[in-house]
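**Student:** sequence unknown, structure follows:
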């Protein structure tokens, strides 16, 4: 299979003699340029995915609002996880006037101002058409993007999601950061952020890369994670003096201003061993640990926090 790269040049194009580069003293990175055709099609089954990114007035889910959204459809094969084609002509990027002012920090990061979004609206029909034609939606921070878009468009609730940030153990793969910009540099490219579509293109480029330890494409690893169910484990009423122990164990704090918040939580592929640990190390007694099954249809969504 002939694979096209999003890198325009080979090292031989840049230096006359590769011996000029010694002992890893140099690292050459190139500006990202997505090809429309990534790989020649094989006999594997074809699927269609969508990369999504949103920009917002700030980072407070439930308070801040979307100011820009981008969707980038692509075609890929299973089980290989090879990207075949990028549908650039079907990509969508739109601005939206939020219900609150854009913070100064958000404007500095995105370059988007209140004046730029005044009277702007997202084309809801286009959003629905793109999403409903996909079998998976992927973001680089789905814990933020999914709750934000589900506040406005129900179509996002019906499609499985995955996340290039959290679906992969980047430390185990040899990376010391999961930031999109730094991952790109490690793979040999950089891009112009922070517009939503540029971030989508960078995320798609990341999906095409091969993980150095597991030797899977990033897309294949994300899809594998999405297929498997997991479990939301909540450490309800955990003693205050155990907070550092929980944090070191990988638990995250859900703030009190969010539904069913004020709780430490984590998501794992199994729960029995973790329940034993909580009873032994946190509660010092045997209690029933609240466990919620999670699938790709509700993972990253605030809907997993809707308990009876």
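**Tutor:** In hand now; what should we look at? Computed from a predicted model, the values in this text were never measured in an experiment. Residues are numbered from 1 along each chain as shown.

**Student:** per-residue pLDDT, the residue positioned nearest the centre of the chain?
**Tutor:** The centroid of the chain falls nearest to residue 140 when counting by C-alpha atoms, centre = their mean (2.2 Å). Note on residue 140: pLDDT of 97.

**Student:** can you check residue 62 too?
**Tutor:** Looking at residue 62, its pLDDT stands at 84.

**Student:** List the contacts of it.
**Tutor:** Going by C-beta atoms under 8 Å, 6 or more residues apart in numbering, residue 62 touches 147, 257-258, 302. No exception for glycine: its C-beta is placed from N, CA and C like everyone else's.

**Student:** what stretches of the chain score poorly on pLDDT?
**Tutor:** Across the chain, the ranges flagged by pLDDT under 70 are 1-5, 7-25, 308.

**Student:** Helices of that one, residue ranges please.
**Tutor:** Taking DSSP state H as the test, the helices found in the chain are 11-14, 104-110, 114-117, 124-132, 142-150, 180-187, 196-208, 218-227, 243-248, 272-277.

**Student:** Pick the most buried one from those helices.
**Tutor:** Of the helices of the chain, the one with the most neighbours on average (mean count of other C-beta atoms under 10 Å) is helix 196-208, at a mean of 24.

**Student:** and it with helix 218-227, angle?
**Tutor:** Between the axes of helix 196-208 and helix 218-227, defined by axes from the mean of the first three to the mean of the last three C-alpha atoms, to 10 degrees, the angle is 90 degrees.

**Student:** relative orientation of helix 196-208 and helix 180-187 in degrees?
**Tutor:** 40 degrees.

**Student:** Surely residue 206 is in contact with residue 184?
**Tutor:** Yes: taking C-beta atoms under 8 Å as the definition, residue 206 is a contact partner of residue 184 at 6.8 Å.

**Student:** dump the residue contacts of residue 122.
**Tutor:** 66, 69, 94-96, 152.

**Student:** about what we covered before: pretty sure the residue nearest to the centre of the chain is touching residue 182, no?
**Tutor:** No: contact criterion C-beta under 8 Å: residue 140 and residue 182 do not qualify, at 11.8 Å.

**Student:** Not counting its neighbours along the chain, what's nearest residue 245?
**Tutor:** residue 281 (6.5 Å; C-beta to C-beta, 6 or more residues apart in numbering).

**Student:** cool, and residue 72?
**Tutor:** Nearest residue to residue 72 in three dimensions, chain neighbours excluded: residue 200, at 4.0 Å (C-beta to C-beta, 6+ apart).

**Student:** Would you mind measuring from that neighbour to residue 288?
**Tutor:** Using C-beta to C-beta, to the nearest Å, residue 200 is found at 42 Å from residue 288.

**Student:** Residue 225 too?
**Tutor:** Residue 225 sits at a distance of 28 Å from residue 288 (criterion: C-beta to C-beta).

**Student:** which stretches of the stretch 151-300 of the chain form strands?
**Tutor:** 161-163, 189-190, 230-235, 252-254, 263-268, 291-294 (DSSP state E, counting those that start in this stretch).
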